[in-house]
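Student: what follows is a predicted protein model with its sequence.
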Amino acid sequence: MEVPEEAVRERRRGRTALLLTGATVLGLVAGTCAGYLVQADREPPRLPSLSQPELRQAKGEGPEPLSASQDRQVRTEGDLRKLLLRKPAGAKEGAWLDGSDGWMDLSDYASTYGTPGQAFANMAPAFRRAAVTGWETGTYSVEIRLIQYRQEESLAAADAVESNQYWATWDGTGGDGPWSNDDPNVKSWTVPGTEDGMAYVHTEPETEPGYQPVYSAEAHAWRGDIAVEIWVDGTEPISKKTVLGLAERQMERL
C-alpha cells in the first residue's frame with residue numbers, strides 16, 4: 001500500500017514539546033548558576049611550583065661539521081663547474097664551447113632540443129643553472145653537462161633523466177611521438193654506483209648525404225638536484241668501456 005506523503009514528513013513539534021524544552025533550558029541555567037556559586041566559595045587551589053630540576057650541561061665539544069666529501073650540499077652549492085670531469089691529457093677543448101666560460105643559461109640549454117621554444121617553456125619553472133665541458137680526441141668528441149634544478153614541487157632532476165632515457169632508445173619512427181618499439185640498434189647498461197643511471201651505445205651510425213657517418217653514445221643519471229648528461233660522437237663505433245667509464249667517473253665527482 002502506498003504511504004501518503006504527509007505520513008513520511010517530519011512531525012511538527014506541539015506545545016507540549018515546547019514546554020518541555022523551556023523547562024530543560026531553565027534547569028540548565030539554574031544548574032550552571034549554582035555551580036558558579038559553589039566554585040566562588042572555594043579557595044583557589046595552590047599552583048604547582050614553577051621551578052624545574054637543574055639540567056646539567058653536556059661537557060665536551062660538539063660534533064664536527066661534515067666535510068665537503070661527506071656533505072653533498074657543500075659541493076653542489078658551490079661552483080658547479082668544479083664538479084665536471086677534467087679534460088684528459090692530450091685532448092683539446094671542444095670548439096663548440098668557445099666563449100661559454102663553462103656555463104649554459106636556459107636559452108643555451110633549450111637550444112640543444114629539437115623545439116627550443118617548447119623546451120624553454122617546459123623547463124623555466126624548475127631550471128636553476130647548468131655547467132658544461134667538452135673535449136676532442138683523435139676519433140671522438142665528448143660533451144658533459146650538469147643541469148641543476150629547483151626541486152620545490154617535484155624531483156625535477158630525476159624526471160629530466162627519465163625523459164632523456166626514454167628518448168635514448170626511440171627508433172625515430174611513429175610521427176610526432178615515441179610510439180614505436182625500442183631501437184634494436186641501441187645497447188644499454190646500468191651506470192656503476194647508481195640505481196637507475198643508464199649508458200647507451202648506438203651501434204649504427206647516423207648518416208646524411210655529403211657527411212661522414214657519425215657513431216654516438218650517451219649516458220643519463222642523476223644525484224640529488226643535478227641531472228648528468230654525457231654525449232659522445234665519433235667517426236668510429238663508441239665502446240661500452242668509453243661511455244661507462246666517463247659516466248662512472250662523473251658520478252663519483254658528485
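Tutor: Nice, I can see it.

Student: can you get me a residue count around the residue lying closest to Leu84 once chain neighbours are set aside?
Tutor: Nearest residue to Leu84, sequence neighbours excluded (CB to CB, 6 or more residues apart in numbering): Thr133, at 4.4 Å. C-beta: built from backbone N, CA, C; applies to glycine. Taking other CB atoms under 10 Å as the criterion, the count of residues near Thr133 is 20.

Student: so what pairs up with Thr133 in the strands?
Tutor: Ile144 (DSSP bridges).

Student: ok, now how distant is it from Lys187?
Tutor: Per CB to CB, to the nearest Å, Thr133 is found 25 Å from Lys187.

Student: residues contacting the residue nearest to Val191 when sequence neighbours are not counted?
Tutor: Counting by CB to CB, 6+ apart, Gly197 is the residue found nearest to Val191 once chain neighbours are left out, at 3.4 Å. Going by CB atoms under 8 Å, 6 or more residues apart in numbering, Gly197 touches Val161, Thr190, Val191, Ala219, His220, Ala221, Trp222, Val228, Ala247, Met251.

Student: make it 7 Å
Tutor: Thr190, Val191, Ala219, His220, Ala221, Ala247, Met251 (CB atoms under 7 Å, 6 or more residues apart in numbering).

Student: quick one: the residue nearest to Leu84 from Arg81, how far?
Tutor: Taken as CB to CB, the span from Thr133 to Arg81 is 7 Å.

Student: Ala247 now?
Tutor: Relative to Arg81, Ala247 is positioned 18 Å away (CB to CB).

Student: ok, back up a step: shared neighbours, Thr133 and Arg81?
Tutor: Gly102.

Student: and stretch 182-202, end to end?
Tutor: The first residue of stretch 182-202 is 12 Å away from its last residue (CA to CA, to the nearest Å).

Student: buried set for it?
Tutor: For stretch 182-202, burial by neighbour count (16 or more other CB atoms under 10 Å) applies to Asp183, Val186, Val191, Thr194, Gly197, Met198, Ala199, Tyr200, Val201, His202.

Student: for stretch 89-97, same thing?
Tutor: Buried residues in stretch 89-97, counted by 16+ other CB under 10 Å: Ala91, Gly94.
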